[in-house]
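Trainee: One predicted model, sequence on top.
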Amino acid sequence: MPQLNDLSRSLIILERDATLIAVIEMSQSSWLVAGIVPGVERSPLKKLAVDESALLKLLNRWREEAEKAGHRIERIAIAFEAGRDGFWLARWLGARDIEAHVIHASSVAVSREHRRAKTDRLDTELLKRAFLGWLCGERDHCKMVAIPTLAQEDAKRPNRERESLVGEQSRIVNRMKAALARLGIRGFNPKLKKAVERLDGLRTPEGEPIPPNTLAELKHDMERRRLVRSQIRDIEGTRLERLEQAPGDGPHVMVRLLARVIGVGVETADMLVQEVLSRNLRDRRAVARYGGLTGSPDESGKKRREKGLARSGNARVRRGMIQLAWRFLMFQKDSALAHWFYARTKNAPQTRKTMIVALARKLLIALWRLVREGAIPEGIVLRPAL
C-alpha cells in the first residue's frame, strides 16, 4: 500500500478524456508550454512571456478547444521542473483549482549519449513523457517535490541568512589578514574590539606605517564586519524571542526538544527542524536520503564498489550532521551510538572519516525518531526541561 506522502507516482486515477495535461520548460526570459489536450490531434506548443496570467489564459483556451471537440475537462494537471523560480507558481495555480506539480529535475531520465541534442522543445517532450507516466501511476518515471507553504519557506530564511552572514564574516577577516600579511604584519587580530584603534600604530618590518589606501580598506572591512556581526546577533535574538513567545508551536516544540540534547545547540536544532525534521518523510531511509548521507553503489557483473556519498540530498543537512557527529562524540561519550563508533574504529583508525558519515546517518535517524515518537536514543543525556 503506498504511503500518504509517496511522491514517486500519482495516487489519482487518470481519465485521459477528461484531463488536460501541460508541462512548462521555464527560463528567466520565457516559458515554453506544451500540452496534451483531449480531442485535439496536434501537440500544442506555446511560448509565453514570464506571466502567470497569460499561462492561465492559455490553459483556459485549451480547455475550450477540448470541450468543442466533445470532451468535458474535469481536471487540469500541470508540471514543471524545480529550479530558480521556486514554488510560487505551483501555489498560485493551486489557489485557482489547477493541479500543479514540481518535478525533481534529476529524476527525469535523459539520453546517455556523449553529445545529445538539447533544446527547450525536446525538453518539453521529455517532461511530457515523464509526467504522463507519473500520472498513470507508474513508478520511476519521475519524482515530485513536496510543495511547501509560504510560511514553511519563510521559516528557513533566518537560518540560511545566518549561514551566509557567518561565511561573509569569515571572508572579511581572511581578507584583512591577507592584506596585513602582504605588508609583513602578522599576529594582529582584527576581531578585537580595539582593533581599529591599533591599526594606526602598526608598523611594517621596514618600520613604515600602513599605506593610506590599505589602511582605509582595512577600516572599511572592519565596519562591514561589525555590521555583519550585528545582523547575526539580531537573527539569533529574534529566534530566541519567537521560541519564548510561542513555545507550543509545532516546529518550536521540536527545536526545544532537540536543544535539550547535550551537544546540540539552538542553531543546529533550528536548522535540522526547518530543513528536514518537520517534513513529512516516509521512513528512516527517506530521512537519510534527504539528508544526503546515503551511499552510491556501483555494481555491474563482478564489479562491486562504493562511489561515496550520493550528495543528492540537502547539502546544509549533510554538512551540519557531519559536524554534529564529531561534536556528539565529545559530549555524548557514553551513548550507544558513540560506543558503536568507537568499536568500529578501534582497530582501524584510518576509517574514522568514513565511519563518521555512518554515525551522522544513524544520529539523524535517531533525532528524527526523538522528535516524531519521543524515543530517546539509548545513553543520550538530556538537559533538564525548561
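Mentor: Thanks, I have it.

Trainee: so which strand or helix has Asn214?
Mentor: No Asn there; residue 214 is Thr. Using DSSP states H and E, Thr214 falls within helix 212-245.

Trainee: what's the following helix or strand after that helix?
Mentor: Tracing the chain past helix 212-245, the next element assigned as helix or strand by DSSP H and E is helix 250-258.

Trainee: Which helix or strand contains Gly22?
Mentor: Slight slip there: residue 22 is Ala, not Gly. Short version, using DSSP H and E: Ala22 is in strand 19-26.

Trainee: What strands line up against that strand, and which way round?
Mentor: When pairing is defined by DSSP bridges, strand 19-26 lines up against strand 30-36 (antiparallel), strand 75-81 (parallel).

Trainee: Give me the contacts around stretch 33-46.
Mentor: The contact list for stretch 33-46 (Cβ atoms under 8 Å, 6 or more residues apart in numbering) reads 16-25, 32, 47-48, 55, 58, 62, 65-66, 68-71, 73, 121, 124-125, 127-128, 132. C-beta: built from backbone N, CA, C; applies to glycine.

Trainee: on that earlier part again, would you pull up how far the helix holding Thr214 lies from the middle of the chain?
Mentor: Per Cα atoms, centre = their mean, to the nearest Å, the displacement of helix 212-245 from the mean C-alpha position of its chain is 25 Å.

Trainee: re earlier: list the buried residues of the strand holding Ala22.
Mentor: By 16 or more other Cβ atoms under 10 Å, the buried positions in strand 19-26 come out as Thr19, Leu20, Ile21, Ala22, Val23, Ile24, Glu25, Met26.

Trainee: Present the strands paired with strand 19-26 as a markdown table; the columns should include mean neighbour count.
Mentor: A markdown table is the format used below for the strands paired with strand 19-26 (neighbours: other Cβ atoms under 10 Å):
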| stretch | mean neighbour count |
| --- | --- |
| strand 30-36 | 20 |
| strand 75-81 | 21 |
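
Trainee: Make JSON lines out of these and add mean pLDDT.
Mentor: Conversion of the strands paired with strand 19-26 to JSON lines gives the following (pLDDT from 0 to 100):
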{"stretch": "strand 30-36", "mean pLDDT": "95"}
{"stretch": "strand 75-81", "mean pLDDT": "95"}
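
Trainee: right, and Gly263 touches Trp326 too?
Mentor: No. The pair Gly263 / Trp326 is not scored as a contact, 10.0 Å apart, by Cβ atoms under 8 Å.

Trainee: Neighbour count: these two, which is higher?
Mentor: Gly263 (17 against 13; other Cβ atoms under 10 Å).

Trainee: How about the contacts made by the more buried one?
Mentor: So Gly263 contacts Leu324, Arg327, Phe328, Met330, Phe331, Gln332 (Cβ under 8 Å, 6+ apart).

Trainee: before we move on, what SS does the residue nearest to the third one when sequence neighbours are not counted have?
Mentor: Yep, that's Phe328 we're talking about. If the residues on either side of it in the chain are set aside, Phe328 comes closest to Gly263, at 5.3 Å by Cβ to Cβ, 6 or more residues apart in numbering. Here Gly263 is recorded as coil under DSSP: H, G, I helix; E, B strand; the rest coil.

Trainee: Could you pull up phi and psi at Gly263?
Mentor: Main-chain dihedrals, Gly263, degrees, to the nearest 10: phi 110, psi -10.

Trainee: re earlier: now the buried residues of strand 19-26 in TSV, with distance to Ile356 and pLDDT?
Mentor: Converted to TSV, the buried residues of strand 19-26 look like this (distance: Cβ to Cβ, whole Å; pLDDT from 0 to 100):
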residue	distance to Ile356	pLDDT
Thr19	49	95
Leu20	51	96
Ile21	46	96
Ala22	46	96
Val23	42	96
Ile24	42	96
Glu25	41	95
Met26	39	94
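
Trainee: Just the endpoints, please. Distance across stretch 341-352?
Mentor: End-to-end span of stretch 341-352 (Cα to Cα, to the nearest Å): 8 Å.

Trainee: no, scratch that, I was asking about stretch 171-190
Mentor: From start residue to end residue, stretch 171-190 stretches across 12 Å - Cα to Cα.

Trainee: just stretch 135-148 next, same as before
Mentor: 21 Å.

Trainee: where along the stretch 251-386 of the chain do the helices fall?
Mentor: Along the stretch 251-386 of the chain, the segments classed as helices by DSSP state H, counting those that start in this stretch run 266-272, 284-290, 315-331, 336-345, 352-373.

Trainee: Nearest to Gly250, out of these?
Mentor: helix 352-373 (10.0 Å; Cβ to Cβ).

Trainee: Could I get the buried residue list for the closest one?
Mentor: Buried residues in helix 352-373, counted by 16+ other Cβ under 10 Å: 355-368, 370-371.

Trainee: ok, the residue nearest to Leu240 when sequence neighbours are not counted - how many residues close by?
Mentor: Using Cβ to Cβ, 6+ apart and skipping residues adjacent in sequence, the residue nearest Leu240 is Val266, 7.1 Å away. The number of residues packed near Val266 is 15, by other Cβ under 10 Å.

Trainee: returning to what we had before: pull out the buried residues from the contacts of stretch 33-46.
Mentor: Buried by 16+ other Cβ under 10 Å: 19-25, 32, 48, 55, 58, 62, 65-66, 71, 73, 124, 127-128, 132, out of these.

Trainee: related to what we said a few turns ago, ok, of the buried residues of strand 19-26, which one's closest to Met271?
Mentor: Proximity of the buried residues of strand 19-26 to Met271 (Cβ to Cβ) peaks at Met26, which lies at 28.8 Å.

Trainee: May I have the residues that are in contact with the residue most central in space within the chain?
Mentor: Centroid check for the chain by Cα atoms, centre = their mean gives Asn314 as the closest residue, at 4.3 Å. Counting by Cβ under 8 Å, 6+ apart, Asn314 touches Glu275, Val276, Tyr290, Gly291, Gly292.

Trainee: which of the residues you listed has the most neighbours?
Mentor: Gly291 (28 neighbours).

Trainee: Identify the residue spatially nearest to it, adjacent ones excluded.
Mentor: Closest residue to Gly291 apart from its sequence neighbours, by Cβ to Cβ, 6+ apart: Val317 at 4.4 Å.
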